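sequence first, predicted coordinates after that:
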Amino acid sequence: MKGTGSLRNVSNKLIYGLFITLVIGLVSVFGGADLFAAYAAGTEAAADAASTGGYGPAPVTTAADYPSYAGVNGRLAIWIFAQLHLWFAAFVLAVPIFVFIIEVIGMRTRDKRYDDMAYEFIKVSITAYSLTAILGGLLLFSLILFYPDLFSYLSVIFGESMFYYALLFFGESAVLYLYYYGWHWLQGGLKKWIHLTLGLTLNAVGTTLMLLANAWLTFMMSPAGVDPAGVFSGDTWAAIHNFLWNPINIHRFVANIAYGGSIVGAYAAFKFLTARNDQEKAHYDWMGYNANFIAICALLPLPFAGYYLAAEIYAYSQQMGITLMGGIFAWLFIIQAVLIGTLFLSANYYLWCGMGRSDGAKRYTKYIKYIAIVLVGAFLVWFTPHTLVLTNSELKSLGGPHHSILGPLGIMPAKNTAVNIMITFTFLSFLFYRRSNKVATVSWEKTGNIIQVALFSAGIVNILFLGIYHGYFTNTVYKVAASIPQVMTTFTVIVGSLILDSFIYRGAKDVGPLHWGRIPDRAQYALFLLAVAFTWLMGLMGYIRSGIRQHWHVVDIMRDNSPDAYTPTLGYAANVVSIATIMFLAMVIFVFWIAQVSTKKSLPAGYWKE
Amino acid sequence: MSLKNKLISFGIAFVVCGGGFLLLDVTLMNMQGLSLIFER
Amino acid sequence: MRIPRLLQATLVLVGVYFGFIVVFDYILEAVIPRSLLTMYMFFVTAGVFMVFTYDEDQMRELAAPIKAMVEDPSKRGVRNVVFLLIPLLVGYGVYDKTMPSFDAPVELRTIHPAPPSTAKIYGERVNLLTLENPFRHYETEDPEQFAEYVEEGAAVYIENCQYCHGDKLDGKGPYAEGLNPTPLNFQDIGTIAQLQESYLYWRITTGGPGLPKEAAPWISSMPVWQNFLTEEEIWKVILFLYDYTGHAPRSWGAANASH
């Protein structure tokens, strides 16, 4: 295929792009906070007027207050609707973020293929958008029907924000339709700038919507702005800005990008496998590569965002923290660990398969087995459970449930160390991929490589030192604190070697044109696996996050007295999440298919009169 | 480049990078009000 | 002679499997739980598969013997044997799994159940989220007094606790052998080092009968110590547990981090 050479630059540009997105995202998370604060200052005045009363305590319910309709289990219905709504919402919030970046890249490089790819991405999300709204409606109706007291209590506190949420959703739809249907109309010069501004607005509104919804759910976990009886102080900002709000905001923002990337990656894989000719194959291979790249970039910081969230939950309440990590839900965390490892393995596998696109890859493929050994080794540490499943003879042989070698691998420092190593080596895979088609021309190439090896080795030594020394020979405060330099080490290795690499490969020669489309079908299944593992993971972890409230609607404020106010068995919960995952994926396949149908035309001969 | 030279360059680069990381550790631990080495 | 790739892959897997067993069961003398080994091997297999198949040519080489076995007319004898063996193996696996055994079922007992937010201790409702050790502040303010309290805690421990938890606090007291589950090992980094002092206070005062539903079955033989010891004695024992093992209780701020 001609002109494929410039496509390789996409990775560089996407790195900058994603970095900017992260900055924009974080600014909007915190900048959005200011906006809320300003808005809340207004409501405070109103609250002063109402402070003498008007707000009652949280309702005390009995089993009779939870109506049942047509024999439907309320909890199950809400669980599934909420989960499906969340998956679609995560997808449709994420896609405009990287569509915006790709559009900017297209504008800067004046390479129309970026613009076409961005359009194709947003096209996939447009059907998903209406499904998000429909499922949101179903969730809302079921909340009102099945948990009327909870809903009315929440609407007393968040009534105003719910109203603005609805208005914003309306605005979001308007902007999205303009953005999508106006794509080909708003091209060139000022028109393109207008289109880009629409994209930015779309993202700003979308992120604000997410922040509002996050406030409602984090209020249920870490209520604020209410007294112990649940009487609202009238300060909406306090209720929104509760303890777990920002940790969830950050975690969800980053995770959504990774998730969106993985879903469009699955779309590209679907199109690749059904492609009729080499040109289509090359196009969808390129698209899949970019989508996977987006997913990996967002995946790399994700474990840290998750760790931060878990640490904050622990800090908010030891009870919730232990339920989460040490108690009944710990078993689901093992599944989580396995799925996260699967994500890393399949992302690496995709990169290795992709090296076949270059004729120069042979120089690097000999190192792949060592990367694999480290990755799998770190992965085994990553999912070794703290409490082992032991048969009676094993118990007898060990003299108790404590395992002297595997036990210490079960706690957080070992996990943090393992995940940092996994991230560093995933990045190494990516580095080899980038280099596979290049030949450096600078005179100091060898020295540069030695420095790079030294940077990686020193970084890994430091990660191990922090993990082992601070994790096992100090106290918990040091242990938690040391995870920050650990993360920063990984980050420094990544940024440092990217900078170094850009100098070594300045003015580098290409080995030859990249053969887009020359990739085994197996790699496409790795992309599917990525999307499925992500979906399942979000379902399981979402259940845990919500489940640690146990028998509370609003923790320590409003008790759940419905007949379903118990923690279901792990098997039941896993089944519900798995069925919901299958439902979601079926709908996603429908969305992919419908995107394809819209381009199809049939001309039946003799049907219409001439 | 001979093996000896390679090892020497690696050694220097490793010490420099390692020193940098140690500095990073000390700074980030101090920012959290802790020292790098744990004292009871 | 080059080893065929299919054999290479198989040898790696077999080597890793027996490597785990030899290292853990024989060299380190701490058996690797078979449930964990199964999980390990699953992902080692995935890793081996990834390394052996990322390249199209290598994949073909790997699959060639299997392909030949299925398709090549000259391999009829081998094919018949393999196709007979596979169902037999699967059948044996099913038999082995469904055959009732005399072993007690494996229990997923939660060793560290989440504490309730409040608990009834010494007839009063105590908030476990805010509860602190009343003697802890002496550690920085009056180290001599603190050492005295630790000493008193040690005496209480030797009189009451060491029979099960051991004089080295390693869970290997003289009675430990007779108990299932075995008494907790406080030296282990995964036990008291991960917990706040209020958690220990709750577990000691209310004992096995005070375990929450989550920790079922309630087979802990930990006595309800609030019936036998005073509040002060229990807090002093807690001081001793941390002091002797060299662990520090879980805490949040940097302020009380380095004692």
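Done, it's in. Keep in mind the model is a prediction, meaning the values are calculated, not measured. Numbers count the residues shown, from 1 in each chain, chains lettered A, B, ... in the order given.

from now on I want contacts and neighbour counts done on CA atoms only, so please keep to that.
OK.

so what touches stretch C:16-31?
Contacts with stretch C:16-31, where a contact means Cα atoms under 8 Å, 6 or more residues apart in numbering or on different chains, come from A:394, A:397-398, A:403-405, C:32, C:37, C:41.

from these, which ones fall inside helices?
Of those, the ones assigned to helices by DSSP state H are A:394, A:397-398, C:37, C:41.

redo the residues you listed as CSV? Include distance to C:Ala216 and pLDDT.
Below are the ones in helices among the contacts of stretch C:16-31 laid out as CSV (distance: Cα to Cα, whole Å; pLDDT from 0 to 100):
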residue, distance to C:Ala216, pLDDT
A:Glu394, 21, 85
A:Ser397, 24, 82
A:Leu398, 22, 81
C:Leu37, 26, 95
C:Met41, 31, 96
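
so which of the residues you listed also contact chain B?
Subset of the ones in helices among the contacts of stretch C:16-31 in contact with chain B: empty, counting by Cα under 8 Å from any Cα of the partner chain.

now, among those, which is nearest to A:Gly539?
Nearest to A:Gly539 out of these is C:Met41 (Cα to Cα; 26.1 Å).

contacts only, for that closest one.
Residues near C:Met41 by Cα under 8 Å, 6+ apart: C:13, C:17.

dump the helix or strand harbouring C:Pro87 to PDB, keeping only the CA atoms.
Assessed by DSSP states H and E, C:Pro87 sits inside helix C:76-98. C-alpha atoms of helix C:76-98 as PDB (Å, rounded to 0.1, in the frame of the first residue of the first chain):
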ATOM      1  CA  ARG C  76      -2.900 -43.400  10.600                       C
ATOM      2  CA  GLY C  77      -1.700 -45.500  13.400                       C
ATOM      3  CA  VAL C  78      -0.700 -42.600  15.600                       C
ATOM      4  CA  ARG C  79      -3.900 -40.800  14.800                       C
ATOM      5  CA  ASN C  80      -6.000 -43.700  15.900                       C
ATOM      6  CA  VAL C  81      -4.100 -44.100  19.200                       C
ATOM      7  CA  VAL C  82      -4.300 -40.300  19.900                       C
ATOM      8  CA  PHE C  83      -8.000 -40.100  19.100                       C
ATOM      9  CA  LEU C  84      -8.700 -43.000  21.400                       C
ATOM     10  CA  LEU C  85      -6.500 -41.600  24.200                       C
ATOM     11  CA  ILE C  86      -8.100 -38.200  24.300                       C
ATOM     12  CA  PRO C  87     -11.600 -39.300  25.100                       C
ATOM     13  CA  LEU C  88     -10.300 -41.800  27.600                       C
ATOM     14  CA  LEU C  89      -8.300 -39.000  29.300                       C
ATOM     15  CA  VAL C  90     -11.300 -36.700  29.400                       C
ATOM     16  CA  GLY C  91     -13.400 -39.600  30.700                       C
ATOM     17  CA  TYR C  92     -10.900 -40.300  33.500                       C
ATOM     18  CA  GLY C  93     -10.900 -36.500  34.400                       C
ATOM     19  CA  VAL C  94     -14.700 -36.500  34.700                       C
ATOM     20  CA  TYR C  95     -14.600 -39.700  36.800                       C
ATOM     21  CA  ASP C  96     -11.900 -38.300  39.000                       C
ATOM     22  CA  LYS C  97     -13.800 -35.000  39.600                       C
ATOM     23  CA  THR C  98     -17.200 -36.500  40.200                       C
END
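
residues from chain B in reach of chain A?
Within chain B, the residues that sit near chain A (Cα under 8 Å from any Cα) are B:6, B:9-11, B:13-15, B:17-18, B:21-22, B:24-25, B:28-29, B:32, B:34, B:38.

strands along the chain, start to end?
In the absence of a named chain, chain A is used. Ranges of strands in chain A, per DSSP state E, are A:438-439, A:509-510, A:552-554, A:558-559.

the intended chain is chain C.
According to DSSP E, the strands that chain C contains are C:118-121, C:124-127.

chain B is nearest to which of the strands of chain A?
strand A:438-439 (18.4 Å; Cα to the nearest Cα).

identify the residues contacting that closest one?
A:360, A:505, A:508-511.

give me the residue at the spatial middle of chain C.
For chain C, the residue nearest the mean C-alpha position is C:Gly190 (8.2 Å; Cα atoms, centre = their mean).

can you check which of the strands of chain C gets nearest to chain A?
strand C:118-121 (10.2 Å).

please save the CA atoms from the closest one in CSV.
Coordinates of each C-alpha in strand C:118-121 appear next as CSV, following Å, rounded to 0.1, in the frame of the first residue of the first chain:
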residue,chain,number,x,y,z
THR,C,118,-19.5,-0.2,66.5
ALA,C,119,-19.4,-3.1,69.0
LYS,C,120,-20.6,-3.8,72.4
ILE,C,121,-17.6,-4.2,74.7
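
okay, buried residues for that strand please.
Going by neighbour count (16 or more other Cα atoms under 10 Å in any protein chain shown), the buried part of strand C:118-121 is C:119, C:121.

and A:Ile334, how many neighbours?
Neighbour count for A:Ile334, taken as other Cα atoms under 10 Å in any protein chain shown: 17.

for it, which non-adjacent residue is closest in space?
In space, and not counting its chain neighbours, A:Ile334 is closest to A:Phe383: 5.8 Å by Cα to Cα, 6 or more residues apart in numbering or on different chains.

ok, now which ones touch that neighbour?
A:Phe383 sits next to A:334, A:337-338, A:410, A:415 when contact means Cα under 8 Å, 6+ apart.

what do you get if the cut-off is 10 Å, keeping everything else the same?
Residues near A:Phe383 by Cα atoms under 10 Å, 6 or more residues apart in numbering or on different chains: A:333-341, A:409-410, A:414-415, A:418, C:36, C:39-40.

was I right about A:Ile105 contacting A:Leu196?
No: using Cα atoms under 10 Å, A:Ile105 is not in contact with A:Leu196, being 11.3 Å away.

and A:Ala573, what does it touch?
With Cα under 10 Å, 6+ apart, A:Ala573 has these contacts: A:76, A:332, A:539-540, A:543-544, A:547, A:567, A:579.

would you convert the ones in helices among the contacts of stretch C:16-31 into TSV that also reports distance to A:Ile450?
As requested, those are arranged in TSV below (distance: Cα to Cα, whole Å):
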residue	distance to A:Ile450
A:Glu394	47
A:Ser397	48
A:Leu398	46
C:Leu37	38
C:Met41	35
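
no further questions, thank you.
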